[in-house]
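Asks: need the 3D shape of this:
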Amino acid sequence: MRKGLCWTIAAIGFLALVLFVLDVGMAVWDTFFLTGLVLFMCGGAFLLLEKGIFNFFFLSFRKFLKSTSKAEEYVSEVNGERQVIASLPMKFSFTRYLLLVGVAMLVVATVFPVYFIQ
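Replies: This is a model prediction of the structure:
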């Protein structure tokens, strides 16, 4: 994964250099920045899910739904289950990749357009 990440960041840098040489408008840099921002935010959300920040809320919501649903309560009594099991932590293979690519795009889109302001 490290090799692929290095190639991706190098491609982002090369794309930014090409955009800089072609002297594109600010709208392209804005799009580049917003794309990086979306990738960074998605990577951050996946990182929070991976670390289990929201597990307590998911467990509480499951308990609430189980206690308010009469059919679910009846099924639980018949099966002998009275306890709600906590969910296992989620693992995503692309979390760090999304975060780093998003940060790289944000940095490039922030630094390169500074040279256009005259």
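
Asks: quick check: the gap between V24 and L98.
Replies: 25 Å (Cβ to Cβ, to the nearest Å). To be clear about C-beta, it is placed using only N, CA and C from the backbone, and glycine gets the same treatment.

Asks: which one of the two is surrounded by more residues?
Replies: Under the neighbour definition other Cβ atoms under 10 Å, V24 and L98 were set side by side, and L98 has more, 20 against 15.

Asks: pretty sure the more buried one sits against A45.
Replies: No - L98 is beyond contact range of A45, at 9.3 Å (criterion: Cβ atoms under 8 Å).

Asks: show me the chain divided up by domain.
Replies: What automatic domain parsing lists as the domains of the chain is 1-52+89-112, 53-85.

Asks: ok, then the element right after the lowest-mean-pLDDT helix or strand in the chain?
Replies: One helix or strand of the chain scores below all others by mean pLDDT, DSSP states H and E: helix 70-79, with a mean of 66. Later in the chain than helix 70-79, the nearest helix or strand by DSSP states H and E is helix 95-111.

Asks: check which helices and strands that next one sits against.
Replies: Contact analysis of helix 95-111 by 3 or more Cβ pairs under 8 Å, 6 or more residues apart in numbering; DSSP states H and E lists helix 2-22, helix 26-51 as its packing neighbours.

Asks: low-scoring pLDDT stretches of the protein, where are they?
Replies: Within the chain, the segments meeting pLDDT under 70 span 1, 66-89, 115-118.

Asks: try it again at 90.
Replies: 1-32, 46, 48-101, 104-105, 107-118 (pLDDT under 90).

Asks: how about residues contacting stretch 95-105?
Replies: The list of residues contacting stretch 95-105 from outside it, by Cβ atoms under 8 Å, 6 or more residues apart in numbering, reads 1, 4-5, 8-9, 12-13, 32-33, 35-44, 46-47, 50.

Asks: swap the cut-off to 7 Å and go again
Replies: 1, 5, 8-9, 12, 32, 35-36, 39-40, 42-44, 46-47, 50 (Cβ atoms under 7 Å, 6 or more residues apart in numbering).
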